[in-house]
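> Here is my input; please provide its structure:
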Amino acid sequence: MAPVHNPLLLALFIIAAMVYFTGLGWLLVGIPSHGSLIRKKADVSIIQEFAVTILVGMILNYGLVVVIQNLTTSLSVGICLGIIGLVSYIVYLSKQIPKQKLSDQKVTFLLLTFTLLVVLLGPIIVEPLRDWDARSIWFLHAKMIYSAGTIGFPAGWTETAITWSHPDYPKFIPALAAQIAFIFGFWNEYLPKLSLFLTLVPGFIFIINTLKRQVSDVLLFLMVPFSFFPYVWNGYMDGILAFYFAITLIFMIKWSKSNNPTDLFTGICSMTFLMMLKNEGILAFISIIISIILFLFFYRKKVYLKPILSKYWRYFIAICILLIPFLAWLYLKSQWGLQSDLEIGTRTSILQIISRLGDGSWKMILKAEYRHISINLLIAILAFLASLRWKIPAIKDTIPILAAAGVYFLGITFIYLLTPRDLNWHLDTSIERTMMMVNAALIYSWYEVISKIEKAQRCDEI
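Model (predicted):
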């Protein structure tokens, strides 16, 4: 019986993977958060800390694969480091759990997370890799890494036979999928998709841990990530990218209210992770950075770097380490001459933009984009009108969210203007997916407004 059809073996593998990522991640989460791997020195939610530890562990695991390149060696090093981190994390938890009691609400949410993940596991392992991007790009790259035993040059990234599959794309999911197949010892069209499930685990914990007992929270939970189906489980990266884009915005806004460094660190970890999923993640990263700058300019006009650096210097070091996998892949693909086929910044792309602006193609682009964001845009407008009607201030927290959505929207429009491919074909095959990030931001913007209205109404009732 194949391991993917053995429920017990599958469950044991998922648990082992989570334990491995937790141990590896704690090495980089414990020190900046508490200045220690075994003692708690900051007021941090254990559940949130657990989720960010898994996410950081996944990023570090990817970093080991990219830097060391060999699957066997990178996994061996990762396991050794993971054991050290896991022992430290167990000691840390043994001192904290007796002091903290999980509320009934948190227990309910954890059970809900577990149930939803089990349900989500179904389509991930039952549906084979059959959609084009999944089969012919992301998991083709994974199979190349698995077959060669390395993410390095011998995997065949420069072979002319695979230039159509975008070998320059980020390799987070392909690397993780290749590791899974490597551990089980064979490749099929089901087992490597476990990489999608593992990637979603911290995201689900994040989103459910933020919920309270409000109708608006239920709306947020139903829309993020469920409105991104089937792209969170069919092997495309777009749904996962939109999911973590929303999570990044959630924690950035949460940090603006709480000033809790853990919220900021969580948001930045998620934001960094975006760049390792897909090239559009770089645009998402830039969009969020610009939105943060705008927020600080309008609402915190005096920002002193010296006290920030002195207070958060451990976090800055951790973030620099988290950027290594992304930078390492940039270096490798530049050494191998791997480039995007969009030809961004070339004379041809500039002429293409001028041509499409002149022939009215931009109208077709905007029309296609609007068609896919119109519902959430309308809800956001209605929510803002309602906030004006009840005189509830809702602009401050939504400006950075809408700024991120706007910058990303303009960036994607720019890509469509310069694409060397047939514009009709490019829009038809990608517009639904590229607008997911904009929809994620719009969903969170109207959630923030509705949440404020709901809280105000409850206060009035009291």
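> What about Ile319, how many residues nearby?
When neighbours are defined as other CB atoms under 10 Å, Ile319 has 18 of them. Just so you know, the C-beta spots here come from the backbone N, C-alpha and C atoms, and that holds for glycine as well.
> what does Phe295 give?
Neighbour count of Phe295, defined by other CB under 10 Å: 20.
> That one and Ala155, how far apart?
41 Å (CB to CB, to the nearest Å).
> Flag the shaky bits of the stretch 1-150 of the chain, pLDDT-wise.
With pLDDT under 70 as the threshold, the stretch 1-150 of the chain has low-confidence stretches at 1-5, 97-106.
> mind listing the strands in it by residue range?
Counting by DSSP state E, counting those that start in this stretch, no segments of the stretch 1-150 of the chain form strands.
> Now do the contacts for Leu427.
Neighbour list for Leu427: 364-365, 368, 416 [criterion: CB atoms under 8 Å, 6 or more residues apart in numbering].
> buried sites along whatever helix or strand it lives in?
Following DSSP states H and E, one finds Leu427 within helix 423-434. Buried residues in helix 423-434, counted by 16 or more other CB atoms under 10 Å: 423, 426-427, 430-431, 433-434.
> tell me the mean pLDDT for the helix or strand that comes right after it?
Next along the chain after helix 423-434, taking DSSP H and E as the criterion, comes helix 436-461. Mean pLDDT, helix 436-461: 85.
> swap in stretch 368-375?
For stretch 368-375, the mean confidence score works out to 96.
> Now do the helix holding Leu427: distance to the chain's middle.
With CA atoms, centre = their mean, to the nearest Å as the basis, helix 423-434 stands 22 Å off its chain's centre.
> about what we covered before: among the buried residues of helix 423-434, which one sits closest to Leu37?
Leu37 lies nearest to Arg433 out of the buried residues of helix 423-434, by CB to CB, at 40.1 Å.
> how near is that closest one to Met237?
Distance from Arg433 to Met237, by CB to CB: 9 Å.
> what number of residues lie near the nearest residue to Leu442 once chain neighbours are set aside?
Leaving aside its sequence neighbours, Leu442 sits nearest to Asn376 (CB to CB, 6 or more residues apart in numbering; 3.9 Å). Counted by other CB under 10 Å, the residues lying close to Asn376 total 22.
> And for Ile286?
Ile286: 15 surrounding residues under other CB under 10 Å.
> and Leu196, what does it touch?
Applying CB under 8 Å, 6+ apart to Leu196 gives the contacts 124, 173, 232-233, 235, 240.
> so which helix or strand takes in it?
Short version, using DSSP H and E: Leu196 is in helix 194-209.
> and that helix, which residues are buried?
Residues of helix 194-209 classed as buried: 194-209 (neighbour count, 16+ other CB under 10 Å).
> Can I get that helix as PDB, trimmed to CA atoms?
The C-alpha trace of helix 194-209 is given here as PDB (Å, rounded to 0.1, in the frame of the first residue of the first chain):
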ATOM      1  CA  LEU A 194       1.400  17.400   1.100                       C
ATOM      2  CA  SER A 195       3.700  20.400   0.700                       C
ATOM      3  CA  LEU A 196       0.600  22.600   0.200                       C
ATOM      4  CA  PHE A 197      -1.000  21.300   3.300                       C
ATOM      5  CA  LEU A 198       2.100  21.800   5.500                       C
ATOM      6  CA  THR A 199       2.400  25.400   4.100                       C
ATOM      7  CA  LEU A 200      -1.200  26.200   5.100                       C
ATOM      8  CA  VAL A 201      -1.000  24.900   8.700                       C
ATOM      9  CA  PRO A 202       0.500  28.100  10.300                       C
ATOM     10  CA  GLY A 203      -1.800  30.300   8.200                       C
ATOM     11  CA  PHE A 204      -4.900  28.600   9.500                       C
ATOM     12  CA  ILE A 205      -3.700  28.900  13.100                       C
ATOM     13  CA  PHE A 206      -3.000  32.600  12.500                       C
ATOM     14  CA  ILE A 207      -6.400  33.400  11.100                       C
ATOM     15  CA  ILE A 208      -8.400  31.400  13.600                       C
ATOM     16  CA  ASN A 209      -6.400  32.700  16.600                       C
END
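> where's that helix relative to the chain centroid, distance-wise?
10 Å.
> Show me the helices in the stretch 301-450 of the chain, by range?
Counting by DSSP state H, counting those that start in this stretch, the stretch 301-450 of the chain has helices at residues 305-322, 324-335, 347-358, 361-389, 395-418, 423-434, 436-461.
> Tell me who's in contact with the residue lying closest to Phe172 once chain neighbours are set aside.
Distance criterion CB to CB, 6+ apart; nearest residue to Phe172, sequence neighbours excluded, is Met276 at 4.1 Å. Shown in contact with Met276 (CB under 8 Å, 6+ apart): 59, 62, 170-172, 325-326, 329.
> wait, which of those residues is closest to Trp187?
For the contacts of Met276, the nearest to Trp187 is Lys171 (16.4 Å; CB to CB).
> and the gap between that closest one and Gly203?
19 Å.
> Give me the buried stretch members for the helix or strand where Thr248 lies, please.
Using DSSP H and E, Thr248 sits in helix 238-258. Neighbour-count burial for helix 238-258 flags 238-256 (criterion: 16+ other CB under 10 Å).
> Return the angle between stretch directions for the next helix-or-strand element following it and helix 238-258.
For helix 238-258, the succeeding helix or strand toward the C-terminus, using DSSP H and E, is helix 261-277. If you take axes from the mean of the first three to the mean of the last three CA atoms, to 10 degrees, helix 261-277 sits at 160 degrees to helix 238-258.
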